[in-house]
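Engineer: Pasting the sequence and the predicted coordinates here, then a few questions.
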2 protein chains.
Amino acid sequence: MPSKSAPAPAKASLDAISLNPSPPKGLRAANAALKPSFKAQMLQAREDAIIQAVNRLLAEKGFDLMTVDEVAAEVGIAKASLYKHFPSKEDLAAAAMVHMISRARYFLDHLPISAKPIDKLKSLVRWMMGLQLTGQMPSLPSQNSSLRANLIANKVYLEGLIQVSDLIGEWIVEAQKDGSLCQQTQPIVVLYTLYSRACDPVLEFLKAGGQHTDDEIIEIVIATCFDGLSARQPAKS
Amino acid sequence: MPSKSAPAPAKASLDAISLNPSPPKGLRAANAALKPSFKAQMLQAREDAIIQAVNRLLAEKGFDLMTVDEVAAEVGIAKASLYKHFPSKEDLAAAAMVHMISRARYFLDHLPISAKPIDKLKSLVRWMMGLQLTGQMPSLPSQNSSLRANLIANKVYLEGLIQVSDLIGEWIVEAQKDGSLCQQTQPIVVLYTLYSRACDPVLEFLKAGGQHTDDEIIEIVIATCFDGLSARQPAKS
DNA sequence: GTCTATATCGCGATAGAC
DNA sequence: GTCTATCGCGATATAGAC
């Protein structure tokens, strides 16, 4: 079912313009006088379409099984044109990751300020799991060396990741102070654990089981993640 | 550090004979009269060496990045010889998985009978995490279609997996009855969650952090897995 | 900057001698 | 059953015309 038929070339480009309102784009294009330079806009839109295709394929097949030919086919352009935008497959994946970091920062910045830290953390995990269940979370096999090297060399990605991690880290510390989060667990461990939920294979298992909706799966994993598998006294709230 | 230098060809073969005492081998060789057929023994030992190498490489690089040439080099035989034992790369991985299932059944069967079900479950998770931390847990990217098809077509693997799952499932139900395991969580969800700990990326994160020993990491993840991240009343035990 | 066509190469799998 | 040598294919990346 997923494969050889040419996948509607024009659609991806259009979607990339209308959809994805998350992070505001075209800042650079909007400042150079009144004329945003249509050319630059088109170029930006095409790059967005590329990144969107990469993200989808990365989520569907992972980095190793994703081919540059597929990306080009999904965007509807020639492979050689792709390489004019991104000099390598690794850079393609890196751009997709930068985009995800950007979406994450936008999501975190727009959480209700009044929410309790523990609820912000849960919202984050729900969001990440939702992305994975809907095939939007790029999965980079953590073992590929060339890809990792390329990623940690990418300052935009790395600084974004650090900023996001710092923000989440503050919430973790706050949640520990207000008594809603386990104080025996080191904040860094909490952070890693939350990140790991974004690629937890249990999501795929449950989805394959077909007995639950995506939302049900998310609540199940949220419960096991925060409340644990052991029996617990009925919560006071 | 990991790579191009030819990796000590002879060693793997010898280790395969002396090490790996877990599941008893050579049953077939031992029955045909008094003479176990040295030839068959050597052949069996070589196949064990192959499987051991595959398991290690599978754990180190994953299925996609593992090459058959590497396996042959690590075992110390020619690639063509490998293909006389296993007709494809997928069969190679399948054999490694069958071996792991076998080890798991042996481990489960030799847990102290007197142990409480909840402790049996924790022991299992500890064992799986220990395997992953020491590079013995093969990681099969759950996305590869041809590999999955090959695996579920492998009756030995599938039946073994079902047997193991049934056994664990019984413990889960018992642990829920005796009040040590959360009764609101469906047994199948518990099972999937436990399995997922075997390939939880949080292990790699913590190991990369370098701040904890393997045993410490295991206890940390056991705690977050069973007790959750949320604050909890001091346990009564 | 986009295209078609091609270079280059790594990897799974085989041929055929011994 | 083991070896050396090679095929065949698919994938990344590039050349060169427009």
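Structural biologist: All right, it came through fine.
Engineer: Does the helix or strand hosting A:M100 reach DNA strand D?
Structural biologist: Element membership of A:M100 [criterion: DSSP states H and E] is helix A:89-109. Yes - on the criterion Cβ under 7 Å from any atom of the strand, helix A:89-109 is in touch with DNA strand D at A:89-90. All C-beta atoms are positioned from the backbone trio N, CA, C, and that covers glycine.
Engineer: Name the residues of that helix that are buried.
Structural biologist: Within helix A:89-109, the residues that count as buried by 16 or more other Cβ atoms under 10 Å in any protein chain shown are A:89-90, A:92-105, A:107-108.
Engineer: Next: stretch A:56-73.
Structural biologist: Result for stretch A:56-73 [16+ other Cβ under 10 Å]: buried residues A:56-66, A:68, A:70-73.
Engineer: And for stretch A:137-154?
Structural biologist: Buried residues in stretch A:137-154 (16+ other Cβ under 10 Å): A:137-141, A:143-144, A:147, A:150-151, A:154.
Engineer: send the alpha carbons of it over as CSV?
Structural biologist: Provided in CSV are the C-alpha atoms of stretch A:137-154 (Å, rounded to 0.1, in the frame of the first residue of the first chain):
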residue,chain,number,x,y,z
MET,A,137,7.5,12.7,14.6
PRO,A,138,10.7,12.1,12.7
SER,A,139,12.6,9.1,14.0
LEU,A,140,16.3,9.3,13.7
PRO,A,141,17.8,5.9,14.6
SER,A,142,20.0,6.9,17.4
GLN,A,143,22.8,4.8,16.1
ASN,A,144,23.7,6.4,12.8
SER,A,145,27.0,8.1,13.4
SER,A,146,27.3,10.4,10.4
LEU,A,147,23.8,11.7,11.1
ARG,A,148,24.5,12.4,14.7
ALA,A,149,27.7,14.2,13.9
ASN,A,150,25.9,16.3,11.4
LEU,A,151,23.2,17.1,13.9
ILE,A,152,25.4,18.1,16.8
ALA,A,153,27.4,20.3,14.4
ASN,A,154,24.2,22.1,13.6
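Engineer: rewinding a little: sort out for me which of the buried residues of stretch A:56-73 are in helices.
Structural biologist: Among these, the subset assigned to helices under DSSP state H consists of A:56-65, A:68, A:70-73.
Engineer: if we look at chain B, which of the residues you listed are close to it?
Structural biologist: A:60-62, A:64-65 (Cβ under 8 Å from any Cβ of the partner chain).
Engineer: all helices for chain A, in order.
Structural biologist: Ranges of helices in chain A, per DSSP H, are A:9-18, A:27-31, A:38-65, A:68-75, A:79-85, A:89-109, A:117-133, A:145-152, A:155-177, A:187-197, A:201-209, A:214-227.
Engineer: Against which helices or strands is the last one packed?
Structural biologist: Translated: helix A:214-227. Judged by 3 or more Cβ pairs under 8 Å, 6 or more residues apart in numbering or on different chains; DSSP states H and E, helix A:214-227 is in contact with helix A:117-133, helix A:187-197, helix A:201-209, helix B:187-197.
Engineer: Quick one: work out the angle between the shortest one and helix A:117-133.
Structural biologist: Using axes from the mean of the first three to the mean of the last three Cα atoms, to 10 degrees, the interaxial angle of helix A:201-209 with respect to helix A:117-133 works out to 50 degrees.
Engineer: What average pLDDT does helix A:201-209 get?
Structural biologist: In this model, helix A:201-209 has an average pLDDT of 95.
Engineer: Spit out the contact partners of A:L131.
Structural biologist: Applying Cβ atoms under 8 Å, 6 or more residues apart in numbering or on different chains, one finds that A:L131 lies in contact with A:137, A:198.
Engineer: neighbours around A:E219, how many?
Structural biologist: Neighbour count for A:E219, taken as other Cβ atoms under 10 Å in any protein chain shown: 14.
Engineer: I'd assumed A:C182 was in contact with A:I118.
Structural biologist: No - look at A:I118 against A:C182 with Cβ atoms under 8 Å: they stay out of range, at 10.6 Å.
Engineer: what sits in contact with each of the two?
Structural biologist: Common neighbours of A:I118 and A:C182 (criterion: Cβ under 8 Å, 6+ apart): B:S230.
Engineer: so which of the buried residues of stretch A:137-154 comes closest to B:R232?
Structural biologist: When these are ranked by distance to B:R232 (Cβ to Cβ), A:M137 comes first, at 29.5 Å.
Engineer: Next, the contact list for A:T213, please.
Structural biologist: Under the criterion of Cβ under 8 Å, 6+ apart, A:T213 has no contact partners.
Engineer: Next one: A:G76 relative to A:L82, how far apart?
Structural biologist: Going from A:G76 to A:L82 by Cβ to Cβ, to the nearest Å gives 11 Å.
Engineer: The two: which is more packed in?
Structural biologist: A:L82 (21 against 18).
Engineer: my guess is the more buried one meets A:A72, correct?
Structural biologist: Yes - at 5.0 Å, A:L82 and A:A72 qualify as touching, with contact defined as Cβ under 8 Å.
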